[in-house]
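**Q** Predicted model and sequence follow; I will ask about them next.
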Amino acid sequence: MFIKLTKSPFSLTKLPFRLIKSFHFARTMAISVWRPEDHVPQEVKDLLSSPGQNHVLAFLHIVQLLKTQRRTGWLDHNISPCESIADHMYRMGITSMLIKDPKVNRDKCVRIAMVHDIAEALVGDITPFDPVGKEEKHHRELATIQYLCEELIKPYNAQAAQEIMEDWLAYENITSLEARYVKDIDKFEMLVQCFEYEKKAGGKRDLDGFWNAINSIKTEEVQSWAQDLLQKREQFYKQ
Ligand SMILES: Nc1nc2c(ncn2[C@H]2C[C@H](O)[C@@H](COP(=O)(O)O)O2)c(=O)[nH]1
Ligand SMILES: [Mn+2]
């Protein structure tokens, strides 16, 4: 959907001609307004508009898109088949159960892991290098989680909608120790997967670009896992 800027915010008469020309271009500049509802599969729209509205089923049909969408970072490196978005979140959930730090609520980490990329069902898996950019990615993902919680989850279970929204925002804004751990596990799980793909390719695949992510890992416990992984990778490439 596009919005056309038709009203010029100031009179054109005071500007030199060269600017007027470019302003005409600017006037017709279109701003794309990305909306989650424009990316909902027709089957789900039909289900939501039918008399036998089933919000649980509609939501689960959207969650299915996490099971089928492959992770872009690997596709960009021609790794096929590769893991889906759901595969990534599942192993993050399992990893969260292993945290030893007694200050951490592990169950809360599992919840955050399970929902942190849920908006990608409609937004897609955007890498840090994607031309979409961080701001637009955040806009799309926030609009999507708000849509999922308000339109699909809340009509069935308002409390669940609130909790999922809170868990997603905690991750997005890193507002708790649990969110910090899950942010770290997000990168660590990706690096474990990266090493698994490197080993599967017999070391012939260049995935070095992923390993800078180790610098984003802030907690001591997850960083210790990552350092051990790095050592095993170095040994693998020495053999
Ligand atoms: N090369 C890198 N790719 C990265 C990094 N962090 C994430 N990614 C890829 C992996 C996914 O395909 C996609 C988004 O991942 P999220 O789990 O953040 O949704 O981007 C990185 O540091 N380097
Ligand atoms: Mn993730």
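**A** Okay, I see it. Ligands and ions are numbered 1, 2, ... in the order given.

**Q** all contacts plus neighbour counts: C-alpha atoms, from now on.
**A** OK.

**Q** can you list the weak-confidence ranges in the protein?
**A** Low-confidence segments of the chain, defined by pLDDT under 70: 1-32.

**Q** what does it have sitting close to ligand 1?
**A** Neighbours of ligand 1 within the chain, by C-alpha under 6 Å from any ligand atom: 71-73, 117, 125-128, 186, 209-210, 213.

**Q** how does it look with 5 Å?
**A** Residues of the chain found near ligand 1 (C-alpha under 5 Å from any ligand atom) are 71-73, 127, 210, 213.

**Q** so which of the residues you listed comes closest to I174?
**A** Compare each of the residues of the chain next to ligand 1 with I174 using C-alpha to C-alpha and the shortest gap goes to A213, at 16.8 Å.

**Q** thought that closest one was touching K187?
**A** Yes - between A213 and K187 a contact is recorded at 6.2 Å, counting by C-alpha atoms under 8 Å.

**Q** picking that back up, ok, so of the residues of the chain next to ligand 1, who is nearest D101?
**A** Nearest to D101 among the residues of the chain next to ligand 1 is A213, at 22.0 Å by C-alpha to C-alpha.

**Q** Just send the residues of the chain next to ligand 1 back as TSV, with secondary structure too.
**A** Formatted as TSV, these follow (DSSP: H, G, I helix; E, B strand; the rest coil):
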residue	secondary structure
R71	coil
T72	helix
G73	helix
T127	coil
F210	helix
A213	helix
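
**Q** Tell me the buried residues within the residues you listed.
**A** Burial by neighbour count, 16 or more other C-alpha atoms under 10 Å: within the residues of the chain next to ligand 1 this picks out 71-73.

**Q** Which one of those residues is nearest to K103?
**A** K103 has its nearest neighbour among these in R71, at 31.8 Å by C-alpha to C-alpha.

**Q** Against K232, how distant is H55?
**A** Distance, H55 to K232, by C-alpha to C-alpha, to the nearest Å: 46 Å.

**Q** So between these two, which is more surrounded?
**A** Using other C-alpha atoms under 10 Å, the more surrounded residue of H55 and K232 is H55, with 19 against 13.

**Q** need the contact list for the residue nearest to that one when sequence neighbours are not counted.
**A** If the residues on either side of it in the chain are set aside, H55 comes closest to L152, at 5.3 Å by C-alpha to C-alpha, 6 or more residues apart in numbering. Going by C-alpha atoms under 8 Å, 6 or more residues apart in numbering, L152 touches 55-56, 58-59.

**Q** Reformat these as a markdown table; add secondary structure.
**A** Listed next are these as a markdown table, based on three-state DSSP:
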| residue | secondary structure |
| --- | --- |
| H55 | helix |
| V56 | helix |
| A58 | helix |
| F59 | helix |
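
**Q** Put the buried members of those into a PyMOL selection.
**A** Applying 16+ other C-alpha under 10 Å to the contacts of L152, the buried members can be selected in PyMOL as follows:
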select buried, resi 55+58+59
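
**Q** Between the contacts of L152, which sits nearest C194?
**A** Nearest to C194, judged by C-alpha to C-alpha, of these is F59 at 30.5 Å.
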